[in-house]
Every structure is written in C-alpha cells, then in structure tokens.
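> no FASTA, just this:
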C-alpha cells in the first residue's frame, strides 16, 4: 500500500483544505479497502466477517459489521494481524495492566500515519507558544518506552517539528527522581508530556529534591496523556505549574491515536484515518458518529493491525465544532461508571465536582458508604499549602451534594495513597475510589495499580 496518498490527504486535511464531501468520499473508499484487507489477510477477521455483506455504499453501512472486543484481541492475539511480524517496522504491545498483553506491531504505513499527526499537533503548539527568534522548545517525554509506541512516535514527530526531545521516565532504575529533576533544571526543559496524575505528583514531591515547581523550572507547556484529563484537571495542572496545559492525545496501544489537541484546547478526531462511532449505553446500538456513549473505533488504514468496530470501553461525547471538526471529550471508561444515589455517574462528573478550584487542591480519594441503602461519600483531599481547609471542605461537600444528591464529608489529609497518582495509568476508578458497598474481589487492575505504586515508591 502506497503511503504518499495518505500523507498528502492527511496534510491537506490538517491544513483545512479538504471539503466535507471530499472527506466522506475518502472515508467511504478507505472503509471498503480496509474491510477487504482484513478479510483477506487476518485469520481472525476472515472468520469473523465470513458471510457478512462487505459491499459498503455509505458510511452508515458500517453498522452491519460485527464488533471487535478487547477479549477478542486477548484471545486471538497474532491471528488479529493482517500480516506477519516480519512486515512490521516496529513492534509494540500493551502493558498487560488490564489483562493479557496483546501484540501491536506497526507496518511502515501505520507508523508514519501515527507520528505525522503528532508532528502536526506539536507544530501547532510551537507556533503558539514559541515565537521565532525566541526560546527554543525542549520536550521531555515522561513515559515508559519499553515496547511502547509514544516515545518513538514523538521522536519522529519532534524531529519534524524542530523540537529537542528526550525520554525522561523517573521510575526507571537508570534515572530515578533525583536525576530527573536535575535534568529538567539543567536543560531548561519547557514542554512536558506526561499523565495528569504523575504531573501533579511531581509538583508535590519536587521540594524533596531541592526543586520548587514552578519557580525553579522553565516549563511553558504541559501535554497530558495516558489517562482521562477533565477540564478541571487541566485547569489544576495549569495553575499548579503556571503554564499552558493541553489534553494532548487520546488513544491506546491497540488503536493508535485517533484524536489530538488543537490550539483552542479541544481534541479533534483524526477523520482521515479513523471512524469513531458512539454506541448507546443501554441498547449498544450505534448512534452514528456523534453523541454520548461508548466509543467504537474503526481504523481506516490498511496496515498490520487495523481494528474494525473495536469497542474501546471508553465513555465519550463527540460533537461537531464551529469549523466542522469532530471534537471528542473522553469522560472515563464505561466500566468506571459508579452508581451514586441510584444514578450511574461517569468519572469526569466526579472529577469535575471535586476539583472545584485549581488553587486549592492537589488530589483526592473517595470512599463510598451506604447505611440502610442511603449512599454517603467520604472524600480525602490533599490541600495546597496555605489554603483555608474549612473553605475546601465546605466547597467540595456542597458541590458533591448538589451534583449527586447525597451527603458528603470532606477530610483534609497530608498524604494520599501513592496509588491515587500512579493507578490512573491503569484505571481512574481503581486509583481514586473505594466502593465500600461492594464485595472485595481479586481484580487484575487493582493488582496492577498496587504494583505500579510500589515501583514508584521504590524509585522515590
């Protein structure tokens, strides 16, 4: 498959030179191609799509194609691939924190069409925050790079965007937190790419290593990744680090990166290479390409592991903005929805209710109790230095009661469980909520979050 036409179309779309009619025509043709590609080359899809009408006339015909699930990927493993590992330019795989690791190799066309949108997004950041003739951008990627795609994709993207880039993961035994902070200061790193929870933890622990955030560093831009980042969390990061903050990219090892940040702070769907459907939470039927529900993703690139109608398990809201882009808000995982006061609540609802004022709070944990069937929330908050504790307690308790209709008690704690920082890499709910109404079970996500917390504690 020739890469050049894809690169050309992606670049024209990024520059606003593709009409809505051209985009639909491109997507429809690409969908026909990728369905034929996986049917012919993937043992799994050859079986799954046998007897299915693949004659696509319009994008709505996608609804008759069967779903792909996470369990399919864990069971079928290499049979999902549309080719052999020897055809890959690079090999990655999932971390295994939520189940068996699955292979995620990238053919040359997969990899180029993954890093190129990253480059476009980084170029927009540089244009906005680093004017010509001034300070040059230096990007630290604070993420593990073992069989993980982000670090390598960002290397290619940063090179194209004219950004100095380094991998700087403090949990690594070859680095550690002390040298991590030294490097940030010595190199005057001014862009950080990191998960929201770890960014907040770094700000809190920096003083122990002789660094005050933000005064002793030169950070101008935060790019978040790896877990949900609500609007209020983004504001908290910006206030804590005293810089611009973007919810930079949404994606996964399996699916790649279907959405990236725009200068206005929105996350825009990469429509030349992805179709993002929304599924109704009750009926599991498609709502089309906009709405509120579970995200169902189709890769349009005929590479080594395109996924067809892949149920991500993520809770999203997709709308069209004023210029015609589809923008996505990732609101947590469907699995992480928690019943409070008889109504299921998404992670973003809870996060935004608690993070009421970015000048007051570092982080939080929640216990959910029930007495005679009546729910009650106990929230432990790590307060910022010098703030009025009584004000925080009243503000957060009032917001929770108003939002969810239940009693809420707020306690100020000097130190939260480390899992509330690192556990978000596995599951927002596992990291922050203890549902004391439910029976405790052995859960891989809980074990993975505990393991990560121990690894970070050892590095500290």
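Received it, and whenever you're ready, just let me know what you need. Because the structure is predicted, anything quoted here is derived from the model rather than measured.
> flag the shaky bits of this protein, pLDDT-wise.
Regions of the chain meeting the criterion pLDDT under 70 cover residues 1, 96-98, 147, 415-430, 439-460.
> which helix or which strand is home to residue 438?
Residue 438 is part of no helix or strand when elements are defined by DSSP states H and E.
> mind listing what it touches?
Residues counted as contacts of residue 438 (C-beta atoms under 8 Å, 6 or more residues apart in numbering): none. Glycine gets a C-beta too; all of them are placed from N, C-alpha and C.
> any idea how far residue 342 is from it?
According to C-beta to C-beta, to the nearest Å, residue 438 stands 15 Å off from residue 342.
> helices along the stretch 101-250 of the chain, start to end?
Along the stretch 101-250 of the chain, the segments classed as helices by DSSP state H, counting those that start in this stretch run 108-129, 149-161, 176-186, 196-205, 231-241.
> okay, these, which one's buried deepest?
Neighbour counts (mean count of other C-beta atoms under 10 Å) averaged over each of the helices of the stretch 101-250 of the chain peak at helix 196-205, with a mean of 23.
> starting at the chain centroid, how far to it?
17 Å (C-alpha atoms, centre = their mean, to the nearest Å).
> could you list every helix and strand in contact with that helix?
If you count contacts as 3 or more C-beta pairs under 8 Å, 6 or more residues apart in numbering; DSSP states H and E, helix 196-205 packs onto strand 221-224, helix 231-241, strand 361-371, helix 419-422.
> take the helices of the stretch 101-250 of the chain and lay them out in a markdown table including distance to residue 61.
Listed next are the helices of the stretch 101-250 of the chain as a markdown table, based on distance: least, C-beta to C-beta, whole Å:
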| stretch | distance to residue 61 |
| --- | --- |
| helix 108-129 | 24 |
| helix 149-161 | 31 |
| helix 176-186 | 50 |
| helix 196-205 | 38 |
| helix 231-241 | 35 |
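> and the ones you listed: which comes nearest residue 301?
Counting by C-beta to C-beta, residue 301 lies closest to helix 108-129 out of the helices of the stretch 101-250 of the chain; the figure is 5.5 Å.
> helices or strands up against that closest one?
helix 4-14, helix 149-161, strand 221-224, strand 256-261.
> wait, isn't residue 80 in contact with residue 304?
No - assessed by C-beta atoms under 8 Å, residue 80 is found out of contact with residue 304, at 9.8 Å.
> ok, residue 232 to residue 260 distance?
For residue 232 relative to residue 260 (C-beta to C-beta), the value is 21 Å.
> same question for residue 176.
With C-beta to C-beta as the criterion, residue 176 and residue 260 are 31 Å apart.
> ok, residue 175 next?
Applying C-beta to C-beta to residue 175 and residue 260 gives a distance of 27 Å.
> so which of these two has more stuff around it?
residue 260 (24 against 16; other C-beta atoms under 10 Å).
> so the more buried one bridges to which residues?
According to DSSP bridges, the partner residues bridging residue 260 are residue 249, residue 268.
> touching, it and residue 270? I think so.
Yes - at 6.7 Å, residue 260 and residue 270 qualify as touching, with contact defined as C-beta under 8 Å.
> what is in contact with those two at once?
The contact sets of residue 260 and residue 270 overlap at residue 117 (C-beta under 8 Å, 6+ apart).
> next one: the most far-flung residue of the chain relative to its centre relative to residue 406, how far apart?
Taking C-alpha atoms, centre = their mean, the residue of the chain most remote from its mean C-alpha position is residue 372, at 37.8 Å. Going from residue 372 to residue 406 by C-beta to C-beta gives 13 Å.
> could you do residue 21 as well?
50 Å.
> cool, residue 90 as well?
48 Å.
> who's more crowded, residue 21 and residue 406?
residue 406 (18 against 8).
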